[in-house]
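*Asks:* output the structure for:
(2 chains)
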Amino acid sequence: GENVEQHPSTLSVQEGDSAVIKCTYSDSASNYFPWYKQELGKGPQLIIDIRSNVGEKKDQRIAVTLNKTAKHFSLHITETQPEDSAVYFCAASPLYDYKLSFGAGTTVTVRA
Amino acid sequence: DVKVTQSSRYLVKRTGEKVFLECVQDMDHENMFWYRQDPGLGLRLIYFSYDVKMKEKGDIPEGYSVSREKKERFSLILESASTNQTSMYLCASSNLRGQGGRFSYEQYFGPGTRLTVT
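*Replies:* Reported below is the predicted structural model:
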């Protein structure tokens, strides 16, 4: 099955700085890569996703990049704000497969 | 908005008890999932269901069973709770539905149930 590794496990950044979270996956059949954000006391919520036919996708201050050859993808958060403090999960799945394999999560803390 | 609700936010049970965790979604989603979340291990899939009365094992099904008698409701059952089942349990639902030519795989999660087995 798919194995998704996520690094780092914790990340502390100064407000206004950028944050980068990296994930690798093992199954070459995977071609859908979502990112979820989990705020304290809540369930994870999708914030951005990318499919394998796209190398990069951006939505305001967040962006995701994908390198299928190297089997890794990354989440970039620019101009971090206190509300970006949360746990972030990467995931992977083959297209048209409703099951997701999640990474272990990254706890991001934005210092004021 | 999609809403996924879980019957309890916190639950304390004793070893050996039978435990039921209930999940209800209000968006007519076909797929429903049960995960457990543990520090450093992320979200691990226990069971999922892609239709009423249909279920499939996930990555860690041992010690658990599920029931889906109605489309909107998916129950996780711990037949005989053990201390190593102390965890956060998350329910999710999804639908593969074409929107403007693109399929949506988004999973919508409930707030979770923190289960402690003593």
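
*Asks:* number of residues surrounding B:Lys18?
*Replies:* Using other C-beta atoms under 10 Å in any protein chain shown as the criterion, B:Lys18 is surrounded by 10 other residues. The C-beta positions use only the backbone N, C-alpha and C, and glycine is treated the same way.

*Asks:* the nearest residue to it once chain neighbours are set aside: neighbouring residues, count only.
*Replies:* With C-beta to C-beta, 6 or more residues apart in numbering or on different chains as the criterion, B:Lys18 has its nearest non-adjacent residue at 6.0 Å, and that residue is B:Glu79. Per other C-beta under 10 Å, the neighbour tally for B:Glu79 reads 11.

*Asks:* wait, isn't B:Glu79 in contact with B:Ser67?
*Replies:* No: taking C-beta atoms under 8 Å as the contact criterion, B:Glu79 and B:Ser67 are not neighbours in contact, 11.9 Å apart.

*Asks:* what about the helices in chain B?
*Replies:* Taking DSSP state H to define them, one finds no helices in chain B.

*Asks:* which residues of it lie near chain A?
*Replies:* B:4, B:31, B:33, B:35, B:40-45, B:48, B:50, B:58-59, B:90, B:92, B:94, B:96, B:103, B:105-107, B:109-112 (C-beta under 8 Å from any C-beta of the partner chain).

*Asks:* in strands, which of these appear?
*Replies:* In strands, defined here by DSSP state E, the members of the residues of chain B next to chain A are B:4, B:31, B:33, B:35, B:42-45, B:48, B:50, B:90, B:92, B:94, B:103, B:109.

*Asks:* from chain A, how far out is the residue nearest to B:Lys18?
*Replies:* Taking C-beta to the nearest C-beta, to the nearest Å as the measure, B:Glu79 falls 24 Å from chain A.

*Asks:* and if you look at B:Ile77?
*Replies:* Using C-beta to the nearest C-beta, B:Ile77 is found at 20 Å from chain A.

*Asks:* surely that residue and B:Arg68 touch.
*Replies:* No: between B:Ile77 and B:Arg68 there is no contact under C-beta under 8 Å: 11.4 Å.

*Asks:* more neighbours, these two?
*Replies:* Comparing B:Ile77 with B:Arg68 by other C-beta under 10 Å, the one with more neighbours is B:Arg68, at 20 against 15.

*Asks:* OK, contacts around the nearest residue to that one once chain neighbours are set aside?
*Replies:* Excluding the flanking residues, the one nearest B:Arg68 by C-beta to C-beta, 6+ apart is B:Ser49, at 4.5 Å. Contact criterion C-beta atoms under 8 Å, 6 or more residues apart in numbering or on different chains gives B:31-33, B:55-56, B:66, B:68, B:74 as the residues in contact with B:Ser49.

*Asks:* any idea what the residue nearest to B:Ser7 when sequence neighbours are not counted is bridged to?
*Replies:* Spatial nearest neighbour of B:Ser7, chain neighbours left out: B:Glu22 (3.8 Å); criterion: C-beta to C-beta, 6+ apart. According to DSSP bridges, B:Ser75 are recorded as the beta-bridge partners of B:Glu22.

*Asks:* how near is B:Glu22 to B:Ile77?
*Replies:* Between B:Glu22 and B:Ile77 the computed distance is 10 Å (C-beta to C-beta, to the nearest Å).
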